[in-house]
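Visitor: With the sequence up front, the predicted model follows.
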Amino acid sequence: MRLEHDVNVNIPERWISIVAGSAMAAYGLARRRVSGMALAGLGSAIVWRGVSGHCQLYQVLGVSTNGRETADDDRQVSVPYGKGIRVEKSVTVNAPPERLYAFWRNFENLPHFMDHLEMVHVIDSKRSQWRTKGPAGIKAEWEAEIINEVPNELIGWRSVDGSNVHNAGSVHFKPSARGTEVRVVLRYDPPGGVLGAAFAKLFGEDPGHQVKEELRRFKQLVETGEIASCALRSPPSAAPISISTTATSPR
């Protein structure tokens, strides 16, 4: 049985896949030709998509129409599950949760290792202004608010109503034998929806790979105090980046 977190196709779509796939397979078998066998094989794959609830193409694109998520996710991420692109990545950092939490709590630190972020300006203890660079140099700006917070364990945020880019995210800090596991969950509606996300990937803007690389740079920055010169925005001769870990206390 496929695990619940692997199910990325909703119930109505699964029934349509089963019915349409069965009809396609039956028609292909009735033809009794090579082309018919190929059609029957395709129909069987569509039936399996409906039975298992898993679509490989959706997985590649980071898309789900399942619409199911835990209550924990509901509190941490605001973009509807079936309507956005979801990315989840983690890394283990050799540092205590308290230090990593304090680093993330000051969102102005994030552009130091997130290449797609041009600027984050903290407005107050809950709100911040974000500006990012998207595919083909397109820029976007929005205001975000913290919606869930557990000191040294979790920070959850989302864009406020009226933003031109609907997005949300959470970062989790879990102690481990080698330090702290840092898990990032991002969900967003890209301009152009799913097709926009697929188009962006053609130009190297794969959000999953991007987040993985950014976490790698975050680990390097925390553990060594600097990022390899090839990843720095400033010239290699510049002084090492000084990172602020001052966190605004939640109200």
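Guide: Here it is on my side, so go on.

Visitor: Tell me how many other residues crowd the spatially closest residue to Glu223 that is not a sequence neighbour.
Guide: In space, not counting the residues next to it along the chain, Glu223 is nearest to Asn94; the distance is 5.4 Å by C-beta to C-beta, 6 or more residues apart in numbering. Bear in mind the C-beta positions are built from the backbone N, C-alpha and C, glycine included. The tally of other residues near Asn94 (other C-beta atoms under 10 Å) stands at 11.

Visitor: Same check on Ser170?
Guide: Count around Ser170 with other C-beta under 10 Å applied: 23.

Visitor: Flag every buried residue along the one helix or strand it maps to.
Guide: Using DSSP states H and E, Ser170 falls within strand 166-176. For strand 166-176, a neighbour-count test (16 or more other C-beta atoms under 10 Å) marks His166, Asn167, Ala168, Gly169, Ser170, Val171, His172, Phe173 as buried.

Visitor: That one pairs with which strands?
Guide: Using DSSP bridges, the strands paired with strand 166-176 are strand 154-159 (antiparallel), strand 179-189 (antiparallel).

Visitor: could the buried residues of strand 166-176 go into JSON lines alongside pLDDT?
Guide: Output for those, formatted as JSON lines (pLDDT from 0 to 100):
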{"residue": "His166", "pLDDT": "78"}
{"residue": "Asn167", "pLDDT": "81"}
{"residue": "Ala168", "pLDDT": "86"}
{"residue": "Gly169", "pLDDT": "87"}
{"residue": "Ser170", "pLDDT": "91"}
{"residue": "Val171", "pLDDT": "94"}
{"residue": "His172", "pLDDT": "96"}
{"residue": "Phe173", "pLDDT": "97"}
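
Visitor: which of the residues you listed sit farthest apart?
Guide: Across the buried residues of strand 166-176, the longest distance by C-beta to C-beta is 25.5 Å; it joins His166 and Phe173.

Visitor: Can you tell me which of the buried residues of strand 166-176 is closest to Ala140?
Guide: Taking C-beta to C-beta as the measure, Ala140 sits nearest to Asn167 out of the buried residues of strand 166-176, at 9.3 Å.
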